[in-house]
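Asker: here is my input; please provide its structure:
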Amino acid sequence: MEFYDRIRARWLRDKVMSAGDAAGLISSGMTVATGGGNSIGCPKSLFAALAKRIKGNGKITLITGGPLPGAIDGVMTLAGAYEKRVGQFNDKDLLEAANSGKFSVVEYRTGLLPHHVRDGRFGKIDVAVIEAVAVTEEGFIVPGTSCLDAATYAMVADRVIVEINTEVPSELEGIHDIYIPDVAPLRETIPLRRCGDRIGTPFITCHPGKIAAIIESNIPDKPPVKSAPDENSQRMAALLVDFLKREVRSGRLPEKLLPLQFGIGSIPEALTAELAASPFSDLEVFTGAIGDGGLDLIDAGKAKVISTSGLYLSQDGFRRFYENINTYKHFIIIRPVVLSDCPELVARLGVLAVNGAVEVDIYGHVNSTHLQGSKLISGIGGSCDFLMNAYLSVIALPSTGRNLTLSRIVPMVTHVDQTEHTIDIIVTEQGLADLRGLSPVERAGAIIDNCAHPEYRPYLKWYLAEAIRLRGGHEPHDLERVFDLHISLLRNGDMRSALK
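Answerer: A predicted model of the protein is given here:
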C-alpha cells in the first residue's frame, strides 16, 4: 500500500505495471537515458528486467552522466544489450568489454552531457528511466538520493518510466532544487548567487502524459563501506588545510574560505576530517558528489550549506542520514548536474576544487582516466568542469603506486585529461607544489622537489636535465626516452628499472 500512497496523482496509478512489462516499452535500437550514479539513485529493477528481455534480441544506447553499478552496467553488458554507452563508468564488466572493443563507449563531461543531449547531438531520446521516491499530485517526479542528469532526460524523452523505490524514505522530499537552464543561445544568467540559494522546484517537472509506466522497486542501494583515510590521505589533507590557512593569512582567501569542491574516497574523507578539526567555520560546499565527510562537517557544526547532485554515502552514512533526515535537509541541497557542475557557477562562486588523478607529469599535465594511455578505468566525469573554472584547482594523489614499483609523478603522462594550464596546486603525501606564476621548467622543479617520492626524485631530475640538454625548448621533453620508459614499464612492471 505504501507504494500506491507515494503516487499522489491518482490518475497515474493506471500506469502501474511490472518491471518486465515496462521493459517491453524499450525496443532494440532505442536510445535510453537515466540518472543516478554508482549504486545510488539508480532504477535497478527496470534494467534487470530489460537485460533479461533484450538478451540476444537487440541492443540499445544508454546515456547517463554518472557511473552505474553492476546492477545496471554489469547485467546489461553481460546480456550483450549495449550498442553504445555514454557517460562515466566504473563497472568492471563494462570496462573489460569496452577495452576489448565489444561495444563503443563515449566518456563525457558530466555537467556538459545534459546540455548536448538536449540540443540534439545524440539524436532522439526514446525513453528516460528515473528512480523516484514519489509522484506529486500534479504528476511531477520527486527524485531520490541522486538527481544528476535525470531532470533533463525527463524533459527531452518521448516517454518516461518512473521507478519508485520504497526503500528510500519519502521524507527525502523537499531536499531537491530542480532548475534547468535554457539551451544556448537562449540561456540566461543562472539566478544563483550563493550556494544556499534555492531557485527551482523540489521535484522534476514532467508532463504527466509522458509517463508511460510506474514500477515499484524495493531493491536497496548497495553503498560501499566508508573509505577509511590512510596515512597518506591524512598527510595530504593536513598539507592542504595548512595551505588554506596560509592563503587566508596572506589575504588571498577570506576567513571562511570560498565554496569547496571535493569528490568521494579516502582523500576527501581525510580532508573533511581535517576541516572539521580546523578553526574554519561556516563552510560552504559546492560539489557534484558528497560522501560521509559532508555529514561529518554538518555534525561538527562546520558546514553552512552543502550543494550537490547526489549523496554517495557509505552504508553507515546512509543510516546516519536517514535517522536524522530532517536535520540534514536543513543543510543539504540536491541539484541537477547542470547546476552542480556548471562552469558559470563554479567560476562565479569562486570554488576551491580538489580532485584526484591516476598520474601527473613533471609539468603539471594530469591523467585521470586511463592506464598506459589506452586502458579506460573510469571517465572524466565532472573534474573538467571544476578544475577548468575554479578559483583554485588542486590535484591530490599518492606519489607512488603498486608498493613503490611505480611513480605517479612521471616525465610525461600517457593520456591528458587536464593540461598544465588548468592546475594551480599539486599535493602528494610528500608535499605541496604551488605552480602559480611558474614557467614549465620551474613547475617541473617544484613538482619533483615537493611531490615526487624520494625513491624517484633523482631519476626525474636526471630526465629533466637530459631533456633540457638534448632538446631544450619551452617545455623540454626527450620523446625517445619517454617512449623507452613506457615500453620498459610495460615489460618489467617496475618504473625504477625503466628509469635507470
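Asker: partner strands of the host helix or strand of Ile164, with direction?
Answerer: Using DSSP states H and E, Ile164 maps to strand 159-165. Based on DSSP bridges, the pairing partners of strand 159-165 within the sheet are strand 127-135 (parallel), strand 211-217 (parallel).
Asker: which other residues reach the shortest one?
Answerer: Outside strand 211-217, the residues that touch it by CB atoms under 8 Å, 6 or more residues apart in numbering are 3, 7, 12-13, 15-19, 21-22, 25, 43-46, 127, 131, 135, 139, 159-167. The C-beta positions use only the backbone N, C-alpha and C, and glycine is treated the same way.
Asker: buried among the residues you listed? Need that as a selection in PyMOL.
Answerer: Per 16 or more other CB atoms under 10 Å, the buried members of the contacts of strand 211-217 correspond to this PyMOL selection:
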select buried, resi 3+7+15+16+17+19+22+25+43+44+45+46+127+131+135+139+159+160+161+162+163+164+165+166
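Asker: so where's the protein uncertain?
Answerer: Within the chain, the segments meeting pLDDT under 70 span 1, 39, 486-500.
Asker: per-domain residue ranges of it.
Answerer: Here the domain parsing of the chain from automatic domain parsing is 2-217, 231-499.
Asker: nearest to Pro224, of the ones you listed?
Answerer: domain 231-499 (5.8 Å; CB to CB).
Asker: how far does that closest one sit from its chain's centre?
Answerer: Centroid displacement of domain 231-499 relative to its chain, using CA atoms, centre = their mean, to the nearest Å, is 13 Å.
Asker: I'd like the numbering to begin with 16 instead of 1 from here.
Answerer: That works, and once the first residue is 16, the last one we named lands at domain 246-514.
Asker: tell me the contacts of the closest residue to Pro206 other than its chain neighbours?
Answerer: In space, and not counting its chain neighbours, Pro206 is closest to Ile214: 5.3 Å by CB to CB, 6 or more residues apart in numbering. Neighbour list for Ile214: Asp192, Tyr194, Ile205, Pro206, Leu207 [criterion: CB under 8 Å, 6+ apart].
Asker: ok, of the residues you listed, which one's closest to Thr76?
Answerer: Distances from Thr76 to the contacts of Ile214, taken by CB to CB, are shortest for Tyr194, at 27.2 Å.
Asker: okay but that closest one is in contact with Gly215, surely?
Answerer: Yes. Tyr194 lies in contact with Gly215 (CB atoms under 8 Å); the separation is 3.2 Å.
Asker: shared neighbours, those two?
Answerer: Joint contacts of Tyr194 and Gly215 (CB under 8 Å, 6+ apart) are Arg350.
Asker: of these two, who's got more company?
Answerer: Taking neighbours as other CB atoms under 10 Å, Tyr194 and Gly215 compare with Gly215 leading, 20 against 17.
Asker: need phi/psi at that one.
Answerer: In terms of degrees, to the nearest 10, the main-chain angles of Gly215 are phi -130, psi -140.
Asker: and the helices in the stretch 66-215 of the chain?
Answerer: For the stretch 66-215 of the chain, applying DSSP state H, counting those that start in this stretch gives helices covering 90-93, 107-114, 128-133, 165-171.
Asker: got CSV for those helices, with distance to Gly309 and mean neighbour count too?
Answerer: Below are those laid out as CSV (distance: least, CB to CB, whole Å; neighbours: other CB atoms under 10 Å):
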stretch, distance to Gly309, mean neighbour count
helix 90-93, 30, 21
helix 107-114, 27, 18
helix 128-133, 23, 23
helix 165-171, 21, 25
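Asker: could you dump the ones you listed to JSON lines with distance to Leu485?
Answerer: Converted to JSON lines, the helices of the stretch 66-215 of the chain look like this (distance: least, CB to CB, whole Å):
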{"stretch": "helix 90-93", "distance to Leu485": "46"}
{"stretch": "helix 107-114", "distance to Leu485": "35"}
{"stretch": "helix 128-133", "distance to Leu485": "43"}
{"stretch": "helix 165-171", "distance to Leu485": "51"}
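Asker: nearest to Val366, of the ones you listed?
Answerer: helix 128-133 (19.2 Å).
Asker: you'd agree Gly388 is up against Asp432?
Answerer: No. The pair Gly388 / Asp432 is not scored as a contact, 11.6 Å apart, by CB under 8 Å.
Asker: of those two, who's got more company?
Answerer: The residue with more neighbours, out of Gly388 and Asp432, is Asp432; 22 against 11, by other CB under 10 Å.
Asker: now do the contacts for the closest residue to the more buried one other than its chain neighbours.
Answerer: Excluding the flanking residues, the one nearest Asp432 by CB to CB, 6+ apart is Ser383, at 4.4 Å. Shown in contact with Ser383 (CB under 8 Å, 6+ apart): Asn370, Gly371, Ala372, Val373, Ser393, Ile395, Ser398, Asp432, Gln433.
Asker: and the two most separated of these?
Answerer: Ser393 and Gln433 (14.0 Å).
Asker: so for the two, which sits in the more crowded spot?
Answerer: Using other CB under 10 Å, the more surrounded residue of Ser393 and Gln433 is Gln433, with 23 against 16.
Asker: excluding its backbone neighbours, what's nearest that one?
Answerer: Per CB to CB, 6+ apart, closest to Gln433 is Val381, 3.9 Å.
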